[in-house]
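J.: Let me see the structure of the following:
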Amino acid sequence: MNDFDEQLREILPRLRRFALSLTREQSSADDLVQATLERALTRLESKRPEGDLRAWLFAILYRRFVDQHRSARRYTRMLELFGRGREDDVQPSTERSVLAQHSLGAFERLSGEQRALLLAVSVEGLSYKEVAMMFDVPIGTVMSRLSRARQALRDLSEGEVTKPRLRILK
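T.: Have a look, this model is predicted:
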């Protein structure tokens with residue numbers, strides 16, 4: 001158990017960084033990490049012994065985020081149904097004075113799934129297999145989504161507005 005505690009202490013800053021990138025708000029990120037750790041500790045016996053703790057925790061965190069996002073959307077729809085829709089949506093700033101800030105702005109404009117995918121692979125160093133388990137999709141899907149996310153980031157960084165590219169089948 002002491003080894004588990006030490007591993008958890010090493011992973012915790014990464015979980016916080018990942019949660020912050022998803023939620024974009026410190027208090028929400030802290031709540032998400034806490035909910036993740038609570039879920040992990042209560043379901044520790046369900047973790048495969050040969051599985052990577054880091055990938056397992058990231059998968060739990062991402063699934064908690066998606067579940068919370070879905071719940072929030074349902075709640076918003078209910079409020080709109082009763083005539084209390086929210087109008088305080090804030091768009092990220094488009095004026096960036098430094099190239100690094102511009103790139104971060106482009107990163108922020110990616111979808112939550114694209115940000116999560118890029119962070120998991122590029123920043124956290126998770127393997128495609130671990131990310132596939134995290135998103136519960138095949139490895140090939142991870143590779144194609146990662147390719148699209150990287151292309152979208154390049155396009156946004158160069159100032160191009162991207163729309164999904166669909167092939168026309170005849």
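J.: Going by C-alpha atoms from here, please, whenever you check contacts or count neighbours.
T.: Fine.
J.: So which residues lie in contact with stretch 53-73, not counting its own?
T.: Residues outside stretch 53-73 that contact it (C-alpha atoms under 8 Å, 6 or more residues apart in numbering): 7, 11, 15, 19, 22, 32-33, 35-37, 39-40, 47, 116, 126, 130-131, 133-135.
J.: Now, those residues that are in helices?
T.: For the contacts of stretch 53-73, the ones inside helices are 7, 11, 15, 19, 22, 32-33, 35-37, 39-40, 116, 130-131, 133-135, with DSSP state H as the criterion.
J.: hang on, the earlier thing: filter the contacts of stretch 53-73 down to the buried ones.
T.: Restricting the contacts of stretch 53-73 to buried positions leaves 11, 15, 19, 22, 32-33, 35-37, 40, 116, 126, 130-131, 133-135, with burial counted as 16 or more other C-alpha atoms under 10 Å.
J.: lowest-pLDDT helix or strand in the chain?
T.: Least confident helix or strand of the chain, by mean pLDDT, DSSP states H and E, is helix 99-109 with a mean of 72.
J.: How about residue 103: what's its closest non-neighbour residue?
T.: Nearest non-adjacent residue to residue 103, counting by C-alpha to C-alpha, 6 or more residues apart in numbering: residue 157, 5.4 Å away.
J.: typo on my end, it should be residue 135
T.: For residue 135, the spatially nearest residue (C-alpha to C-alpha, 6+ apart) is residue 59, at 7.0 Å.
J.: Next: residue 138.
T.: Ranked by C-alpha to C-alpha, 6+ apart and with sequence neighbours excluded, the top spatial neighbour of residue 138 is residue 132, at 5.7 Å.
J.: Let me know the pLDDT of the one you found.
T.: Listed pLDDT for residue 132 reads 92.
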